[in-house]
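Asker: Need the 3D shape of this:
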Amino acid sequence: MNKLVLALILYTNIGLTAQSLYPFQKGEQLEYKVHYGPLVAGKALLEVDSEHGNYRFSAEGKSTGIFNFFFKVRDYYESILQEGCLCPRYFNREVNEGNYSKKEKVFFNYDLNQAESTRDTIGLPENTQDILSMFYYLRALKHDNLELGDSIALQVFLDDSFMKSNLLYLGKDTLKTKFGLIASTKWSPQLETGRLFEEEFGMTIWISDDVNKIPLSIQAKVLVGSIKMDLIKHKNLLKPLVKL
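Answerer: This is a model prediction of the structure:
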């Protein structure tokens with residue numbers, strides 16, 4: 001479930017440069033409540049830190065309440081990126097979901113132009129990201145010139161391979177949240193159908209349309225039911241969240 005949670009959070013904008021003012025800072029925390037249909041299924045916490053001149057991003061996801069009895073989830077993700085270009089240097093994933101568990105460590109070697117994981121070594125395509133770093137990289141991009149229906153090509157490392165996707169821009173919206181009404185932009189990522197998702201563009205993501213560019217809410221249709229994820233707490237944002 002929380003593997004999906006992280007996948008849900010991966011999207012925002014276009015045109016990054018090394019001199020960009022990133023819309024996040026050390027100490028930022030974002031906490032989300034996850035619903036499976038009408039039930040509260042779990043929560044996810046994302047944090048920003050720094051380490052030896054690099055950004056360190058981490059994400060934890062876990063099931064709560066009744067879901068712990070029949071599908072216990074304890075997931076942890078970590079990504080270290082070079083600050084100047086937001087290029088991933090290291091990625092760590094520890095997944096524990098029901099009876100399934102997996103550990104994955106990846107080093108991104110730009111001298112040899114390859115990703116070196118615990119199981120394989122593969123070539124790096126252009127503009128490489130991992131499943132967590134993509135979230136912050138995309139938050140730092142510009143999308144002022146996008147028009148309704150435009151899309152952004154994405155590529156992310158996961159399970160010793162690169163996933164290709166397109167992020168569809170759905171325009172601007174006003175979203176009702178626990179913090180009040182917030183101006184937002186809407187997005188729909190292209191998904192792999194069959195294993196988890198029902199429709200290729202069956203997910204909608206609302207991003208705050210301010211300098212912070214944080215995901216506010218995410219809704220997705222899955223093969224059985226639907227999942228909804230809402231921001232419930234935030235701490236140390238770059239700027240106060242703008243409310244209408």
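Asker: Give me the phi and psi for Lys26.
Answerer: The phi and psi torsions at Lys26 (degrees, to the nearest 10) take the values phi -60, psi 130.
Asker: Now do the contacts for the residue lying closest to it once chain neighbours are set aside.
Answerer: Of all residues not flanking Lys26 in the chain, Ser50 sits nearest, at 5.0 Å (Cβ to Cβ, 6 or more residues apart in numbering). The C-beta positions use only the backbone N, C-alpha and C, and glycine is treated the same way. Shown here is Ser50, whose contacts under the criterion Cβ atoms under 8 Å, 6 or more residues apart in numbering are 26, 56, 83.
Asker: what number of residues lie near Gly84?
Answerer: Neighbour count of Gly84, defined by other Cβ atoms under 10 Å: 11.
Asker: before we move on, the earlier item: quick one: the residue nearest to Lys26 from Leu167, how far?
Answerer: Distance check for Ser50 against Leu167: by Cβ to Cβ, to the nearest Å, it reads 27 Å.
Asker: picking up where we left off before, may I ask which of the contacts of Ser50 has the most neighbours?
Answerer: For the contacts of Ser50, neighbours were counted using other Cβ under 10 Å, and Arg56 has the most, 16 neighbours in all.
Asker: Quick check: which element contains it?
Answerer: With elements taken from DSSP states H and E, the one containing Arg56 is strand 54-63.
Asker: does Asn109 really touch Glu116, like I thought?
Answerer: Yes. Using Cβ atoms under 8 Å, Asn109 makes contact with Glu116 at a distance of 5.7 Å.
Asker: And the helices in the chain?
Answerer: According to DSSP state H, the chain carries its helices in the segments 2-8, 67-70, 133-139.
Asker: for the shortest one, what is the average pLDDT?
Answerer: Per-residue pLDDT values over helix 67-70 give a mean of 84.
Asker: Touching that helix from outside, list them.
Answerer: Contacts of helix 67-70 with the rest of the structure, by Cβ under 8 Å, 6+ apart, involve 1, 36, 39, 41-42, 73.
Asker: Mind doing that once more with 6 Å?
Answerer: Contacts to helix 67-70, defined as Cβ atoms under 6 Å, 6 or more residues apart in numbering, come from residues Ala41.
Asker: residue ranges with poor pLDDT in the protein?
Answerer: Within the chain, the stretches falling below the threshold (pLDDT under 70) are 1-20, 191-200, 223-224.
Asker: starting at the chain centroid, how far to the longest strand along the chain?
Answerer: The strand of greatest length in the chain, counted in residues with DSSP state E as the criterion, is given as strand 161-177. Centroid displacement of strand 161-177 relative to its chain, using Cα atoms, centre = their mean, to the nearest Å, is 11 Å.
Asker: elements contacting that strand?
Answerer: If you count contacts as 3 or more Cβ pairs under 6 Å, 6 or more residues apart in numbering; DSSP states H and E, strand 161-177 packs onto strand 151-158, strand 180-189.
Asker: Turn those into TSV, columns for distance to Tyr32 and mean neighbour count.
Answerer: Shown next, in TSV, are those (distance: least, Cβ to Cβ, whole Å; neighbours: other Cβ atoms under 10 Å):
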stretch	distance to Tyr32	mean neighbour count
strand 151-158	20	18
strand 180-189	15	19
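Asker: bridging residues for Ser63?
Answerer: In this structure, Ser63 has the following beta-bridge partners (DSSP bridges): Gly42.
Asker: for Ala153, same thing?
Answerer: Going by DSSP bridges, Ala153 is paired in beta bridges with Asn166.
Asker: quick one: the longest strand of the chain to strand 151-158, angle?
Answerer: With axes from the mean of the first three to the mean of the last three Cα atoms, to 10 degrees as the criterion, the two stretches strand 161-177 and strand 151-158 enclose an angle of 120 degrees.
Asker: quick one on the thing from earlier: mind checking how far the residue nearest to Lys26 is from Phe24?
Answerer: Look at Ser50 and Phe24: by Cβ to Cβ, they are 11 Å apart.
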